[in-house]
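[1] sequence-free structure coming up:
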């Protein structure tokens, strides 16, 4: 009887009875930077990526991430590409009962949340309030005469939202970012706000607030407003009293950043921002999963054209 079995991808028996060789798996690229593409044409590099299975679905890799809001740009360039599609296949860390591991993970999560929150609030502040003539700082405090628990975040946030509604009825729509914070000398909440409320008297704001002292100031240097305002989040991220609560509160009409994942490695070097303008801030840091990450920050209000090479 003739053997009519076919060869499959994992190896099998052919028509002649010989053992078929398994199909080789695509080689993964461990890094892609200037040392990899040096001396290769675009077509050669694209062909190599396709041959190695790096550009085939279901995976999609990002070689850089760009965040842009107004005239403020941030860019991360990864040494090892980041998977931005099909992440559900990754193994989730199992729960542990080891107290030392639990403490380490808790600190890791708090540090990660603080980093993300500071980046988010810096971008929002820079994109919405930089070079805005109506931008101002507002501080709201709570005195001990209030009939509610001034250390309870939920109760205080309820009064804060009521205050925002009263301001909107009085002055119309405006944009704001608010960071609740515990007072360092007493167990009470106070709020730091960045807002573009129209000009009004301090006594009017104090009367509408009605729960304690206020302080309002016009912002003179708005170019670095994002980094200055994000510093208030440092203590909140490590404060257990904020577990289950938002680290900051924003209005719904804020301009949000647009995020672009650069999936074509050639585009990183063809459209490098350094060729057009000089970054206002650059740094690099080591990532456990993505190798060395280069960070560029551009503030187009004060960035200068990059020097031309002779």
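    Structure's in. What do you need? The structure presented is a predicted model; accordingly, all values stated were derived computationally and were not measured.
[2] Helices of the stretch 101-250 of the chain, residue ranges please.
    Using DSSP state H, counting those that start in this stretch, the helices of the stretch 101-250 of the chain run over 153-171, 202-209, 225-230, 233-237.
[3] Next, format these as CSV and append mean neighbour count and mean pLDDT.
    C-beta coordinates here come from the backbone N, C-alpha and C atoms, glycine included. Output for these, formatted as CSV (neighbours: other C-beta atoms under 10 Å; pLDDT from 0 to 100):
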stretch, mean neighbour count, mean pLDDT
helix 153-171, 15, 95
helix 202-209, 14, 95
helix 225-230, 20, 72
helix 233-237, 18, 72
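[4] Residue 115: which of those helices is closest?
    If you check each of these against residue 115 by C-beta to C-beta, helix 233-237 wins as the nearest, at 8.4 Å.
[5] which strands and helices sit next to that closest one?
    Helices and strands touching helix 233-237, by 3 or more C-beta pairs under 8 Å, 6 or more residues apart in numbering; DSSP states H and E, are helix 99-129, strand 176-182.
[6] weakest of the ones you listed in terms of mean pLDDT?
    If you rank those by mean pLDDT, helix 99-129 sits at the bottom with a mean of 77.
[7] Buried ones in that helix, by neighbour count?
    Using 16 or more other C-beta atoms under 10 Å as the test for burial, helix 99-129 gives 110, 113-114, 117-129.
[8] one step back: and the helices and strands packed on helix 233-237: which comes nearest residue 295?
    Here helix 99-129 is closest among the helices and strands packed on helix 233-237 (C-beta to C-beta), at 10.4 Å.
[9] In space, what's closest to residue 149 - neighbours in sequence excluded?
    Excluding its sequence neighbours, the residue lying closest to residue 149 (C-beta to C-beta, 6 or more residues apart in numbering) is residue 155, at 5.4 Å.
[10] about what we covered before: name the member of the buried residues of helix 99-129 with the shortest distance to residue 285.
    For these, the nearest to residue 285 is residue 119 (13.1 Å; C-beta to C-beta).
[11] From residue 262, how far off is residue 230?
    Look at residue 230 and residue 262: by C-beta to C-beta, to the nearest Å, they are 25 Å apart.
[12] okay, and for this structure, where does confidence drop off?
    Scanning the chain for pLDDT under 70 picks out the ranges 1-59, 85-102, 105-106, 110, 222-224, 234, 266, 268-276, 302-310.
[13] relative to helix 99-129, how tilted is the longest strand seen in the chain?
    The strand spanning the most residues in the chain, taking DSSP state E as the definition, is strand 72-85. Strand 72-85 runs at 130 degrees relative to helix 99-129, counting by axes from the mean of the first three to the mean of the last three C-alpha atoms, to 10 degrees.
[14] residues of strand 72-85 that come out buried?
    72, 73, 74, 75, 76, 77, 78, 79, 80, 81, 82.
[15] Enumerate every residue touching residue 148.
    Contacts for residue 148 (C-beta atoms under 8 Å, 6 or more residues apart in numbering) come out as 155, 156, 159.
[16] which one is residue 298 nearest to, not counting chain neighbours?
    Excluding its sequence neighbours, the residue lying closest to residue 298 (C-beta to C-beta, 6+ apart) is residue 73, at 4.1 Å.
[17] check contacts around the one you found.
    By C-beta under 8 Å, 6+ apart, residue 73 lies in contact with 66, 67, 273, 296, 297, 298, 300.
[18] go on, residue 64?
    With contact taken as C-beta under 8 Å, 6+ apart, residue 64 is in contact with 75, 76, 77, 78, 261, 262, 268.
[19] Could you list everything the first one pairs with in the sheet?
    When assigned by DSSP bridges, residue 75 has beta-bridge partners residue 66, residue 296.
[20] now the helices of the stretch 101-250 of the chain as TSV including distance to residue 179?
    Shown next, in TSV, are the helices of the stretch 101-250 of the chain (distance: least, C-beta to C-beta, whole Å):
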stretch	distance to residue 179
helix 153-171	11
helix 202-209	16
helix 225-230	8
helix 233-237	6
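[21] Out of those, flag the one nearest residue 188.
    Closest to residue 188 of the helices of the stretch 101-250 of the chain is helix 153-171 (C-beta to C-beta; 8.6 Å).
[22] any residues touching that closest one, and which ones?
    140, 142, 148-150, 174, 176, 178, 180, 189, 191, 197-198, 200, 205, 208-209, 211, 241-242, 245, 249, 251.
[23] Could you check the angle it makes with helix 202-209?
    Using the same axes, to 10 degrees, the direction of helix 153-171 lies 130 degrees away from that of helix 202-209.
[24] tell me the angle helix 153-171 makes with strand 176-182.
    150 degrees.
[25] And residue 226, how close does it get to residue 183?
    Going from residue 226 to residue 183 by C-beta to C-beta gives 24 Å.
[26] meant to ask about residue 148, not that
    Counting by C-beta to C-beta, the gap from residue 148 to residue 183 is 16 Å.
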